[in-house]
Structure formats: structure tokens, C-alpha cells
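Student: Mind folding the following:
(chains A, B, C and D)
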4 protein chains.
Amino acid sequence: MSNAEPLYPAPAGEPSAPEGWLNAFRNVRAVSEQLCSPLETEDYVIQSMDDVSPPKWHLAHVTWFFETFLLKPFLRGYVPLNETYDHLFNSYYETHSNPFPRPQRGLLSRPTVANVYRYRHYVDEAMGMLLNRPPSEHRHAIAERVCLGIHHEQQHQELLAMDIKHILAQNPLRPVYSKSLQIPPERQPLPMRWRAYKGGLVSIGMEPGREGFAFDNERAAHRQYLEPFELASRPVTNQEYLCFMEQGGYQDPAMWLSDGWHLIRENGWTAPLYWVKDGEQWYHFTLAGWRPVDPNAPVCHVSFYEADAFARWAGERLPTEAEWEQAAKKARHWNGNFAESGYLQPVAAEAVTASNPHEALLQMFGDVWEWTGSAYRPYPGFRTLSGSLGEYNGKFMSGQMVLRGGCCATPASHIRPTYRNFFPPSARWAFSGFRLAREATGEPCRDSFSQSAV
Amino acid sequence: MSNAEPLYPAPAGEPSAPEGWLNAFRNVRAVSEQLCSPLETEDYVIQSMDDVSPPKWHLAHVTWFFETFLLKPFLRGYVPLNETYDHLFNSYYETHSNPFPRPQRGLLSRPTVANVYRYRHYVDEAMGMLLNRPPSEHRHAIAERVCLGIHHEQQHQELLAMDIKHILAQNPLRPVYSKSLQIPPERQPLPMRWRAYKGGLVSIGMEPGREGFAFDNERAAHRQYLEPFELASRPVTNQEYLCFMEQGGYQDPAMWLSDGWHLIRENGWTAPLYWVKDGEQWYHFTLAGWRPVDPNAPVCHVSFYEADAFARWAGERLPTEAEWEQAAKKARHWNGNFAESGYLQPVAAEAVTASNPHEALLQMFGDVWEWTGSAYRPYPGFRTLSGSLGEYNGKFMSGQMVLRGGCCATPASHIRPTYRNFFPPSARWAFSGFRLAREATGEPCRDSFSQSAV
Amino acid sequence: MSNAEPLYPAPAGEPSAPEGWLNAFRNVRAVSEQLCSPLETEDYVIQSMDDVSPPKWHLAHVTWFFETFLLKPFLRGYVPLNETYDHLFNSYYETHSNPFPRPQRGLLSRPTVANVYRYRHYVDEAMGMLLNRPPSEHRHAIAERVCLGIHHEQQHQELLAMDIKHILAQNPLRPVYSKSLQIPPERQPLPMRWRAYKGGLVSIGMEPGREGFAFDNERAAHRQYLEPFELASRPVTNQEYLCFMEQGGYQDPAMWLSDGWHLIRENGWTAPLYWVKDGEQWYHFTLAGWRPVDPNAPVCHVSFYEADAFARWAGERLPTEAEWEQAAKKARHWNGNFAESGYLQPVAAEAVTASNPHEALLQMFGDVWEWTGSAYRPYPGFRTLSGSLGEYNGKFMSGQMVLRGGCCATPASHIRPTYRNFFPPSARWAFSGFRLAREATGEPCRDSFSQSAV
Amino acid sequence: MSNAEPLYPAPAGEPSAPEGWLNAFRNVRAVSEQLCSPLETEDYVIQSMDDVSPPKWHLAHVTWFFETFLLKPFLRGYVPLNETYDHLFNSYYETHSNPFPRPQRGLLSRPTVANVYRYRHYVDEAMGMLLNRPPSEHRHAIAERVCLGIHHEQQHQELLAMDIKHILAQNPLRPVYSKSLQIPPERQPLPMRWRAYKGGLVSIGMEPGREGFAFDNERAAHRQYLEPFELASRPVTNQEYLCFMEQGGYQDPAMWLSDGWHLIRENGWTAPLYWVKDGEQWYHFTLAGWRPVDPNAPVCHVSFYEADAFARWAGERLPTEAEWEQAAKKARHWNGNFAESGYLQPVAAEAVTASNPHEALLQMFGDVWEWTGSAYRPYPGFRTLSGSLGEYNGKFMSGQMVLRGGCCATPASHIRPTYRNFFPPSARWAFSGFRLAREATGEPCRDSFSQSAV
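Tutor: Take a look at the predicted model:
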């Protein structure tokens, strides 16, 4: 797989100079619109479940973010295009204004898609004015917030991909998002290996002097003590997950957390989201349409409960987020199958070169977000941003699990080893998979955990 | 108010001759599209509550009806445009095929609005072929079903008006359906009078020899014995309903059916649907936007429970459907404020002429559907149509109340004295109001029931 | 079957003389306690669904009724035993005081069963004082309300039987209410015959001069016109209902009202309540324990929807309540399998004597309440009682269907031809069955409708 | 407060010798029955919410535990009293048999309370036989499981106190559990102080060689690195919590985790569970009846969300479970207000002696379970027990938060510094309070955090 090029180069020395951000701002704005360009007008309107937002809402909300946190406070004389948008497109900032109820986003036919684009361009123009001539006393705050706004819009680009997929998947007409997506390569199965880490006292989180953007939840950097551990060389594949399914994984309560067991029983889950069996063959819905499941690609669209059940069935466990981060920091590159690859689905891992068979840790970045065994809680010394931006991350630190590494819908420039994503343990519509871990044993890897589990 | 002209003349001798129906078919099809012409594409997609269907679904479903019950059985060589539409646009005909779940109609971005229109035109063309050269052995069945299909589409025209209103009313941007609707005339208050009927053995339902279409639920014609009764000369007005509200009608459990009391408490209802108070003035949402409530117009968008509570508070009751029908049959005309008037909202009653002040029964047709005190149950001798069309009406004969007389969104040619509409007693999004009745007393009408009720 | 003796003779000339009611009062009070005598203390506490009340709540509520409507207004110096009981044991009289929420009745461990009996005896003693020396100015009101209170307590005796059955049926330990219940006789199958009625203008409801008690909902007596009709000689039996089940009645949407179809699908109903199949044999829970279903006994514990579906499947319909009443008034006796028979379950019909094979209408009273096709709505001229007692019946006149004739748990002295019972169409825990009707045909009865329906 | 004496001495060298456990077994069994002795029969039956179990169910379930995991596998010839009990009293051991649905435990009137006690004594007798003459090949397993069973029954003793409190609190009659409970002493307010801990690499969890029982979730002992931190000298008091309430804590979204904010809004929470304001005075329900809130006692019956919101409002945070445990291990004693104190409610802290004012850490054990900021997840190296006992703790390790230290309803011998209790963050019916923590600052304690927060 050729390395994905980041869609825009991050300005050097971020986030000190507002002017330097204008190109990056324009680039990220363009990517969002490009992502929606294959959609029909009607596709923009649908909210297929409470967790999903209509694509036009995403496009408007990220615009509202720049308007609210940059234009209104810092652009002298700025007049909003429509006062009601502050209510409609506030996602969850309760201290700012009354957010429009999330489950009702799909009840809004207006503003129309055309008017949402009009809103975007109105704000884009104003942002151009602000960034070209930022008021000197607010230069630092502006630079910081533009940077945050750009990363915020990137997050919504990934949500757009997830939500569009979910919307189209509901439809018995089996619509295809785009026929010009990249076709995944056929690759040979690659055995899973264990990579050993010696643990000890390690630094976790974004360190103070380190260059580049990080969210507040990646701070404060702090020390953690890790026992020696081992990490799988690649995520669990569809083939391996099928083995779990066929051997009764979904029928055996001993494999499951109690909440997970009740969830799969109530919902009748017996396979990952989007999977449908036709005869002997499993198919799954992708943004390129319904496709046979590739046995060698990482399993995707599983909940934390399913990841955890698989790990228990395999006699292993999920890594903690600190273990994952420690291993990721030791990896030599952050390459991966990101949004820029043009697949918008996970693909099978590429064999490492013969000269270096044992060290490589494959697919740590891109392809699938990897569920960890860590609940999403604040780091020691965590501080939220001031004002309403303090609601950005901190208030979600309960009831969710941490995922790491980005996925096939993540912009390449958006990810880093310290990045903490989070979803409720029941969520499946993200591009979520997982990788196994275990206490250090020094034993060689079994040929296949699935055979030994029989 | 000038009398509404029916949008198309019903062919004489309906429904014997298929060819005679082609114009009527084309007219009704054109009206549906004209009704949707002010909509934005996005408006077509929304399902604002389970009872509401997206406008594009309505447009497709009425088309499916012609395709399913005429083209497929009778047009030789007919090939459907899309096989999946049979699933998507089957409303509730369980014996025909598996209907797409009603609450999920708003999850369908596809087919697009453009493709729904394409579907309509495809079916229209095929219908033209069928009606121009109907196979002789099916002439009668075809004529009957075209007639039914036309009345079916008219029903959905009214539903379109109701549903579009509900969809737009959810939106904080306060969209207006159309700025070219007729503006209701300002009229003086008109006192309510009692009209006396002597009852006795009367004929109810559509009589066998009678010309013109009727649904199966209007048959069999049969005799009922009515005690003498009196009927109010006009529906209850907003002014009168406001009096009920101000005198604590919504706070006094003694006024309410038990189900109604629990419903209004759980939902916090204290006024008709779409009413909002601003300062001292009540406003309500109309298809022409938010407007002050006209005190002299009939109250609208009330549930059966509210109509019943008002009647109890006023010391009166609702008429039975037989009483209503008997009075309607004695009325001299079926004029009224129908869809063709172009208001799409109820308007104040026009004073009767000085020469005939006591006989007139105002607004029996049009303006608002009138809740009766009768549960929707089959008439003696009721027979459903054969095959899947037997599901048209009969299976809904539980849990609903009968309404009579049509409303401001009903096509004029669609209504008749025997027409039985029905909604659950909790429904409020129809254009539903009510008229009072009482046992015959011979007493003159009190000046105002609301004053005496104080 | 020997005729049941009424448990207490109704005082002559009811309800004029309070003193005459003392024995009747004491008798009905004793019957309630006798009915509960087989219960364990724990059985008194359970509320197995929202519709069910704990037996001790019933015992206390009927006591509260006498206290509230007789002792407090009429017994000078009466001091309630516990002020909080007025809240706890008010069922639904919203205009009297705030009723304790119905679904929480099962959360009350106190007052204990012993204290509920203490409450009963406290009120009984005070009632003795009141009825022995009623204040002369209130003699008529007192007599009327005692009579109402007695019939009210009889209604709750039947509810006690229904609720106790439902409570015990939940329990995997399969408890038996009482081992000393009468064992139903084994009887031969009895063919269903049609009895013809010529209809015409008939009087419905309790006529003014008629002796004996009636609820407000049985008035005003009024005329109805009936087309000629025929009524089945006996209720539908378990054998006939099994035929419906075996021939796919629960699987065919064409048989069902829409609400009923959705109800049976959501709840997975495929048989009457309390039925369980073991191998080839159907068993059902009775107050005497789990028993094989008697093919010749009337089917019981079916909802209105199931009764209606059976009738449609059989090509017939349910009678209206006026048809039922007209036929019942022509019957020669009101005998039947009532509570006093000691079965507390429906039993097979007894063959009529050879000398009179064609006239008899069997099991019109007792055994099972018979669903009619009539919605529960007020009669013309209906007036509620004054004050809070106006909430007794009138406010429930929506969303329910009428049942007629009493059942195996009804006290014999409680029933009459004009009696209107009512339940929501989905209810199954009452002893509810049904009898077929049809338009008059003059045709002889088919040997078996179930065979011809094949 | 005098130190509570453990109700029974733990056998030395647990859990090696079965015989040594007989006295402990008999003691713990007696305590459960003693705890229920003030109840009326009716109190045993109620399930006031899904989380609560009827007291008789608790008494039976703990008995089932001994029967299932000891008598059936190890007592030769043991015949269960009732086969159905295995279904009824299996709480959640899905791999053992089908557990009776939890929300339906309150629908079981049978077995009666008397029969539940009969079941207890039947099992007690059999346990006596087993423990007096344990089969030699199972000595170790039996000792281990008896020990587990005893600690299991102790857990249910605490649940009994919580559940009985919740059951009685629903009742408008305001029943009192017992009038012979100890009356809490009146004590002076005690300022909150900060105690500093230097952190570093510490050992967490139950160490291998350590004597005494521990649950599987307290293992494996492992190292964690802690940054320096400070811990409050005592839990937050009612007085302090009232300050939070009065200063709008429940109205300010900035104080709350998102899930918590939605929870308090939906449920209308504005105070701890069981609190009711009467005029200016707050009262709360206790097992001794309704009492004025003691300002100096620890706040109790708050959810994790409320504890977290208070901490944010105070500018501090909750301790992690590792911080709490590290501090607890350094404390000199494990004394506290436990079940044996006889209050069954938290009481105000007693001032430390003048000679040692700065070191003491008050109320770490007993009074209130202390919410920590740690999600309940497995420790590194965690292994579940084998067989169905593996479901004891491990499967609940998602969606819950850890609480530490025991409470006023915990048996004294049941607690230890490594003990991990857990509840969902929304739970309030446990005796749950909290203690503040912060990063090490070296600053002296502010006089009152609540004043500075104004």
C-alpha cells in the first residue's frame, strides 16, 4: 500500500500564526465538500439513528464552530447569516446556547442543502478576512482556535463517512456512495505474531515541548508503570472472526461481559454490523456497495463487547491504551490506510519485507480504530479548555471506551500516537476493530489461536 | 366564500367505462404534483412523526397503487420500473407483500425525488395505454379500480397537506409552505344556534342505486332509529375554545375521558396543536406561516378527547355519525371551504342571508373534519372488497373515531354526506374540529353556552 | 349444572331503605374475604402487570369506597382509621383526591394484610352504625350508595379472581389457588345452532320503572332498530378455536384487524392466554392448577382481536351489544355458571332437553364474558352520577369494547341482560370468550363452520 | 464512636480447613435472618425497582449459592428441597442454568417467606453435615467455596439493608424499619484538611502471600505509578453538599459530565436520593424513619455523576482507586461505622485527638462507600475463577465505577483496603458518598472550598 499523503501540510510551528493557517483552513473546508460531492440532495437530510447526523447538519455544524468561536468573538462587525443557526447547529455546548435536540436533527428540511453551502461560503469568506488581518491582541487565541477548528472539521469528515455509510445501508435499494473508490488489493493471509515489550515506567500522553496539535484529552503527559506485555503484529481479521462466529462465540455467555451478552441477545446480533449471509458466503455493505467479506482484511464494525468476547474466546485480552501507545511510539512510521488512500474501508495487511520479519507492527495506524481495554477517563493533571470549549472533550469522560490509531476514514494528518478516540462500548457504526494483547510469556506465537481454541 | 369548483368532473355513470376515466386520472395526478410544487427537495424526505409520511413517499405510494392493482393484473407485458418499489411503497397490504416498516419511511433518501417523479410518469404512461385500450373482459374491474385509485390519491392529497404542515411546523426557521395561498377573509362573529331534527327511523350509508362513488365502509345502507336531537348551526370557534381554555378546561379532570386526561397530562397539552402564545396573543402555525388565531374561525387541530371535553364543559355532547349524516342529507348543498378554495386552513363562517336565518346549517362540509361521538365500526352488512383491496378500510375498524364532512384540504369532489373518515382519538394533525349536539329540548339556544358555563 | 343460588338476596324495593341493606352489605363483605381465604399473605401483595391490582389493594379499595361515599358524608363524628388511606386506596377519582399511581400499587408492603383486614372491620362496624340509624334527611342517598357500593364490591370480587389467577400463573412453582374448587363435569360436544331473531325497533338499556339495580351506563333506555339477525346457540368452544389455530389463524393477516395483527406479532401470541402446549396436548392454567384444555368448554382468555379474527375466519361476525341484549331478554332464565358454582372456570355446555332442542340459547349468562362488536360509548340520554361518583363509569367510554353476560367469576346476583362490561380490545386476563352472529339468512346451520372454512 | 466488633472471627489460616468454617458459616447465616427480623411478611415480597430484589429473594439466593456450589457437587446423596429453586434463585449464572428474569423477582409470591426460611434451614443442616465431615479429596475446594459463600452472603446483607430502605421509602405511610437502631451522636463540624502523599511506584491489589480472603477482582497485585497527590481528611458532608445545591450546582451544565447532566434533567434530580425539603429544612428517609439531615454527616445516596459534579464545582477531583488504596494502606486502622455499630446510616466524623491533629484520615472505612474516579476494569493479570463461579465478578467489568471503603451497612469483617465495590455511575440507592482529592500542591488547605468557590 502506498503511503497516503496528508491532504494538507500542517503549518510549521502551529498554532502560533493565524495567517499561516489560511491555506490549511481552506484545504480542510474543501475536503468536507469533496467528501459530500457524490451525494444526492436527499442523502444530506437523513438521520438513520440517534447517533447519526444528517450530512448537511455536519457541514453546517463545523461552520458554526468557526463562526461561534472565531468570527463572533474576533471579527469586528461580523453579522451572522441567520440568527437561528446558532440554535440549530450547536451540537452540545450547553454553556453557550440551547442546542437543538440531537434526535431531531433529521426533522429539519431547512436550511436546504444549497443554503447550508451558502452558509459555509459566507463563513469561509469572513474567515478569510479574519485570518488575513487578525487583530494583534488575539493572534495567539485565533491561531489556537483555527487549529482546533480544523481538527474538529476533520473529526466530522470521519463522522460523515461513518454516517453516510449507515444512512445508505438502511436502504433496500442498495445505493452506492461512489463508484470511483479504490478497489482493495487481494492479498495473502498473514500470520499473527506476538511482539514483546518490556514495559516499565513510560511516558503517556502528549509531552509539553512536543511540536504539533493535540486535544486536551491527550494531556497531561504523565508516567505509567507497565508490566511486560505482548502485542499482536496486526489486527484480528475477518477470517479469524468468522472462526469465532462459527464456533459459537455469539451463543456462549461465558465469553461475554454481562452488558454485552444482554445487548447481543436483545438485538439478535450474530455478526458484525453490515454483515449479511447469502448462502454460504458472507457479504457486507461498504461505501462501494455490497461486497463479499475479504477474509484477510481486519474485522470492522464490531462493538467493544464483541472485541472483548473474541479476546476472551481466544484466551487473550485487549491492550490497555497505555500499552498501545507505548508500542505505537516505538513504531517507525505512522503510515496507514487513511481517508486519502481512497478505499474508505479496511484492507488486508501487506506482508513485511523478508529482511525484517519480526519487528514490524502492522496497521497500527489507519484501517480500523482499535478498541482498547481502557475506559475513557481523564489523565492525571487533565485540564479542560476555558469557556464553552471546555465542553469539547471532558464532559464525555464516562461510559465510553478508548480506541486508538485512526481508520480508513481518518485524514492522515489528523492522527498521532497519543490520539484518544472514544465510543460507547455498544457502538458499531464507527470503523472499529481490534488487536490482541497478552501478558509477556516469552512463548512463541501459536500458529493460530483459533485452532487451539477449538 | 365562493363555492369551490370540483377540480375535475366525475365521469357520468361511474365506474362503468375505463376510457371515461382517463381525464379524471390525469387530473388527479396533476393535482398531487401541483400540491408539492412549492416544496424544496429536502421537504420531500422528512418524516416528522410515525403518523406522517415523507411527501415523496406519498407521491410514490399512490403510484404503486395504480401499478399494483391495475397495471400488473391488467396491462399485458407491463414491466415494473423497479422491483424493490413494491416493497418500499406498499403501505399496509400485508396479504400482497411485505410492507416497508412505516416508522422507517423517513430513512429513505432513495429513490430521489426526481426518481419518484420518473416513477410517476412511467406509471402514468402505462395507465394511459391501459385506459385507452382496456381488455374487454376486465372493463368493469378496471373502471372500478381506477375510480378507487383516484379517490385513494385524493385521500393522500389531503394527507400531503396535513403532513407537509406538520413537517414544516417542526422547524425553528419557520418555513412557509406557500406565499400564494388565499388570505382568509375577516368576518364578524356569528352566534351559534340550535337546529332541531325529529329523528325516527332513518337510512344511513350509501344506498344501492345511488349514483357516485363510495368506499366500502359507507355500506351497507341500513336503517337506524334516532331520538329527536338538535345540532349546532356551526362548528365551535377559536373564540369559544379559548373560553374553555381560560376557564381551566385543561386543568379539570371532571371534563375529560380518562384516556384523554392522561394524554394531556403526559404531553403537557394546554391548547390545540400548533398554538403558541406570545404575550397575550395566541398564534398558530398555518401553511401560510405563523398567524394570529382568528377568533371566529372554527377551532382546528384538536383531538377527539379535546372535542369531547369541550362538549362536556359546555353541557352538551358531540353528535353521533348518524345524526350528523341525517342532518347533512337534509342540507341543500355540499359547498364549503375545500382544497380548491386555496386557503388550506379553516375560515370564519359567513353569515346566512337575512331571508333564511334559521334553517341554515353552516360549514357542514369543508373547513374542519368534525369529530363525532361514534366509534369507527362496520355497518350492518359491511363487506370488504375482495383480495388485498379488502385491507383498504375494514381492518382499521377498531380504536378510532369517525369524523365527517371534509376539511379545507379535502378535494371538493371527494366528499359526500355518507363519507366516513376516521382517526385515533388522540390524533391532532388532521384538520379536525367539531360541532355540538344535544337531545331535543325545544328550548331556544342560550346566547352563549360559554357564559352560562361560568 | 345446578343453578347457582345468589349469595345474598337483594332487598326488595331497592334501593329505598338503608336498613334493609345491612344484611346484603355484610354478605358481600364476607364473600370478598372468603374469596381471599385460600391466599398466602404474600399473594396479597403482588401486582403482576399494570392492569392487575394486589388482592389486599382490592380489599382496601372497596372499603375506601364505603368510607368515602357513605361514612365521611353521612356518619356524624366518623374519624378515619388512617388519613393516608384516602390517597392509597383511591383508584381513579381525580376530582376527589390524588389517586396513588396505579402501576405502583405493587410497591406497597404496608398496610399489611392484617391491617387491611383491620381497616375493613373498622369500616364495617361504622357502616353498621350508619345503616342501623341512618339520618332521615339522607335516607335515599344512603340507600342508593350502599347499593352502588355493594355492586362495586361485587365487581372487585370478579377482579380478585382474575387478578389472583394472573398472579399465580406467573409463578414457575405452579401454585394452585384452591384445591377445593368444583371439578368441571365431562360433557359431550354439542353442535352449534343458529337462533333467528327478527329485529325491528327494540328497547335497549334499563327501563325506568324496572325493579332492581343498574349502573348509570345501562341508561337511558332507548330504542334501536335492528335488522334481522341470527345468534349462535352457544359460545365458541376450545375445540373450534383449536381448529382456527391449527388452520393458521394466527399467521394470516387477512383475518385480523390491523391493531390486532400488530399486537399478536409483537407479543408472539399464538394461543389464548394461559395456554401452553406439551407434546401434542394443550394445557392451560386454571385456579385449580394446570389442566388439559377441555375441547367442549367455551374458549376463554381471548382478546377482542382474537374473537374478531375467529369470526372473520369462520365467515361470521360478533353480535352487537343490542343484538345480544335483545336475545338475552327473550331468554327464559338468567341461570349460568357463576362464582357460586364453585368452578371459577368455564365449563362445557349441558345439552338441552330432547323436548326443546331448537329454542334454547345456552350459556348466555355465566361461563365467559362475551365480546360484542360494539365499542363502549354512552347511550343516548346518558347522565353520569353527580360529584366524584360521576367518574365511576362515564370517563372510560373510549378505547374499549362491550362484553355481555357475566362469567364464571361473576356473583349471580350481579348480572342482568342490560349489564355492560367493558375492556380494551387487547385485554385477555378477564374470563372473556365470544359467541358468533350473522345477518339473517334463513339457512340451516352448517354442520360445522370450521370444516367448511378449510 | 466505639469500634465495631466483627460479628464473627474469621478462622485463622483461611480458607484451608472446612471444619473451621462451620461457626463462621452459622454466624453469617444468623446475621442475615437477624437483619430481616424487623420485617413484616409483606416487606419481604416487594421489588421497588429493577435494581432492588425482594428480601426473601436475597435470603433464598444466598442459600442457593451454598446449595449449588457446595452441596450439589460435594455432599453425597444431597437431594434439593425443590428443583425449581435452581431457576428461581439463580441470580445471573448463565453458564449454570437459566436465571429467572431479574425484573420479575417481585412477581413471585411463592415460595412464601416461611418456605424460604424452611429452605434456609434445610440447606443449613446439609451444610453442617458437609462441613463436619468434608470428603478429603475436596477439602481445599470446599474451604475456598465456603469462604466465598460467606463473603457472598455478607454482600447480600448490605444489599438487604439498601433494598429494604428503598422499599420502605416508596411507601406514603412512612414505615420505619426498626425503632431500636442506634441514634447518631451530635457532633461539631470538623474542617476538611488535605493529607499529602508522595506517590511513586506502589503496589495495588491483594498481594499473593497476604493472609485473608479477597475476591478475584482484587488480583493480581501489580505495580502502579502515582504522581504525588493529596486526599481530603474526611468525606464531603451534607453541609458542604447543601452549599453546592444552594449555589446552583444542579442547574449549571458546566459542572457535569454529559451523561450526568442528561440524567439529572430527565429525572428532575436536585438533591440526593431520599431527600425532601419541608419549608426551610431538608429531611431524608433513613431506616429509622424520616429525619432532619445532619449537616456534619457525610453526604450519602449520591450518584457518581453528582460526586463528580461536586468535585468539579469545588475545583478538585475524585481520587483514583489506586490513590485511595495507597492512602488506606497507610492508615493505622480499619475501624469505622459498620453494620455492627447499629446505626445503619452514616454519622458525623469524630474529631481526632489534639495530640495528633494532622495525620488522621477519617472515615476511610465505613459510613459511606466512596466513589472513585476509576472505571471498574480488570487488573493486569486478572483471572476469573473456574466454572460458573467465573461469572462472579469479571463479567461486570464494564459500565461501572469503583467505590472503596465499605459503609454503615457493611459487616466489619467484610472489608479491607484492597476491596473493590462497583456500581453504575447513575446508582444512588447504595450508601454512597465521596471524598475529594487533588494533585499535590503543597498549599495549605483553604478554610473552606465552598466559600472560595462562590
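
Student: give the contact list for A:Arg110.
Tutor: Residues in contact with A:Arg110 (C-beta atoms under 8 Å, 6 or more residues apart in numbering or on different chains) are B:Glu40, B:Glu42, B:Asp43, B:Asn171, B:Leu173, B:Pro175. Yep, even glycine has a C-beta here, placed from its N, CA and C like the rest.

Student: Quick check: PyMOL command selecting the buried ones in those.
Tutor: Per 16 or more other C-beta atoms under 10 Å in any protein chain shown, the buried members of the contacts of A:Arg110 correspond to this PyMOL selection:
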select buried, chain B and resi 40+42+43+171+175
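
Student: Of the contacts of A:Arg110, just say which sits nearest to chain C.
Tutor: Closest approach to chain C among the contacts of A:Arg110 (C-beta to the nearest C-beta): B:Asp43, at 28.5 Å.

Student: Tell me the secondary structure at the closest residue to that closest one other than its chain neighbours.
Tutor: Spatially, and ignoring its direct neighbours in sequence, B:Asp43 is nearest to A:Ser109 (4.4 Å; C-beta to C-beta, 6 or more residues apart in numbering or on different chains). Under DSSP: H, G, I helix; E, B strand; the rest coil, the three-state class of A:Ser109 is coil.

Student: Counting neighbours, what do you get for A:Ser109?
Tutor: 28 (other C-beta atoms under 10 Å in any protein chain shown).

Student: Report the central residue of chain A.
Tutor: With distances taken as C-alpha atoms, centre = their mean, A:Gly406 lies nearest the centre of chain A, 5.1 Å away.

Student: how near is that one to C:Thr372?
Tutor: Distance, A:Gly406 to C:Thr372, by C-beta to C-beta, to the nearest Å: 67 Å.

Student: Tell me the pLDDT of the nearest residue to A:Leu88 once chain neighbours are set aside.
Tutor: Nearest non-adjacent residue to A:Leu88, counting by C-beta to C-beta, 6+ apart: A:Phe100, 5.0 Å away. A:Phe100 is assigned 97 on the pLDDT scale.

Student: Tell me the secondary structure at A:Phe100.
Tutor: Quick answer, by three-state DSSP: A:Phe100 is coil.

Student: Could you do A:Val202 as well?
Tutor: A:Val202 ends up strand, using three-state DSSP.

Student: SS state for the residue lying closest to it once chain neighbours are set aside?
Tutor: Excluding its sequence neighbours, the residue lying closest to A:Val202 (C-beta to C-beta, 6+ apart) is A:Gln326, at 5.0 Å. Following three-state DSSP, we place A:Gln326 in the helix state.

Student: ok, now how distant is A:Gln326 from A:Gly212?
Tutor: Taking C-beta to C-beta as the measure, A:Gln326 falls 19 Å from A:Gly212.

Student: who's more crowded, those two?
Tutor: Between A:Gln326 and A:Gly212, counting by other C-beta under 10 Å, A:Gln326 is the more crowded of the two (23 against 12).

Student: Just to check, the more buried one is in contact with A:Leu226?
Tutor: Yes. Using C-beta atoms under 8 Å, A:Gln326 is in contact with A:Leu226, at 6.4 Å.

Student: overlap in contacts of these two?
Tutor: By C-beta under 8 Å, 6+ apart, the residues touching both A:Gln326 and A:Leu226 are A:Tyr197, A:Gly199, A:Val202.

Student: contacting residues for the second one?
Tutor: Put plainly, it is A:Gly199. With C-beta under 8 Å, 6+ apart, A:Gly199 has these contacts: A:Tyr225, A:Leu226, A:Glu227, A:Pro228, A:Phe229, A:Gln326, A:Ala440.

Student: Report the buried members of the residues you listed.
Tutor: Among these, the ones that count as buried (16+ other C-beta under 10 Å) are A:Tyr225, A:Leu226, A:Glu227, A:Phe229, A:Gln326.

Student: And the residues you listed, which is closest to chain D?
Tutor: Taking C-beta to the nearest C-beta as the measure, chain D lies nearest A:Tyr225 of the buried ones among the contacts of A:Gly199, at 4.1 Å.

Student: Could I get the contacting residues of that closest one?
Tutor: If you count contacts by C-beta under 8 Å, 6+ apart, then A:Tyr225 has A:Gly199, A:Gly200, A:Leu201, A:Val202, D:Leu201, D:Arg223, D:Gln224, D:Tyr225 around it.

Student: try A:Arg428
Tutor: A:Pro272, A:Leu273, A:His301, A:Val302, A:Ser303, A:Glu306 are the contacts of A:Arg428 under C-beta under 8 Å, 6+ apart.

Student: any chance of those in a markdown table, plus pLDDT, distance to C:Gly387 and neighbour count?
Tutor: Listed next are these as a markdown table, based on pLDDT from 0 to 100; distance: C-beta to C-beta, whole Å; neighbours: other C-beta atoms under 10 Å in any protein chain shown:
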| residue | pLDDT | distance to C:Gly387 | neighbour count |
| --- | --- | --- | --- |
| A:Pro272 | 98 | 64 | 22 |
| A:Leu273 | 98 | 60 | 20 |
| A:His301 | 98 | 63 | 24 |
| A:Val302 | 98 | 64 | 27 |
| A:Ser303 | 98 | 58 | 25 |
| A:Glu306 | 98 | 62 | 32 |
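
Student: I'd like the residues you listed laid out as CSV, including distance to chain C.
Tutor: Compiled in CSV, the contacts of A:Arg428 are given as follows (distance: C-beta to the nearest C-beta, whole Å):
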residue, distance to chain C
A:Pro272, 27
A:Leu273, 24
A:His301, 28
A:Val302, 29
A:Ser303, 26
A:Glu306, 27
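
Student: Now flag whichever of those residues is closest to C:Met364.
Tutor: When the contacts of A:Arg428 are compared for distance to C:Met364 (C-beta to C-beta), A:Leu273 wins out at 58.0 Å.

Student: Could you find the closest non-adjacent residue to A:Asn98?
Tutor: In space, and not counting its chain neighbours, A:Asn98 is closest to A:His87: 6.2 Å by C-beta to C-beta, 6+ apart.

Student: where's the one you found relative to B:Asp43, distance?
Tutor: As judged by C-beta to C-beta, A:His87 and B:Asp43 stand 20 Å apart.

Student: any idea which helix or strand comes after the helix or strand hosting A:Ile142?
Tutor: Following DSSP states H and E, one finds A:Ile142 within helix A:139-169. The helix or strand immediately downstream of helix A:139-169 is strand A:194-197, counting by DSSP H and E.

Student: which SS class is the residue of chain A positioned farthest from its centre?
Tutor: Using C-alpha atoms, centre = their mean, the residue of chain A lying farthest from its centre is A:Gly77. It sits 36.9 Å away. When classified by three-state DSSP, A:Gly77 comes out as coil.

Student: And the helices in chain A, which stretches?
Tutor: Taking DSSP state H as the test, the helices found in chain A are A:22-36, A:55-66, A:72-74, A:85-88, A:113-132, A:139-169, A:238-246, A:258-267, A:304-313, A:321-330, A:449-452.

Student: Can you lay out those as CSV showing distance to D:Asp294?
Tutor: Formatted as CSV, the helices of chain A follow (distance: least, C-beta to C-beta, whole Å):
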stretch, distance to D:Asp294
helix A:22-36, 57
helix A:55-66, 48
helix A:72-74, 47
helix A:85-88, 45
helix A:113-132, 56
helix A:139-169, 47
helix A:238-246, 55
helix A:258-267, 37
helix A:304-313, 42
helix A:321-330, 42
helix A:449-452, 57
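
Student: ok so, going back, how close does the closest residue to the residue nearest to the centre of chain A other than its chain neighbours sit to chain D?
Tutor: Computed as C-beta to C-beta, 6+ apart, the closest residue to A:Gly406 that is not its neighbour in sequence is A:Ile415, at 3.8 Å. The gap separating A:Ile415 from chain D is 24 Å, by C-beta to the nearest C-beta, to the nearest Å.
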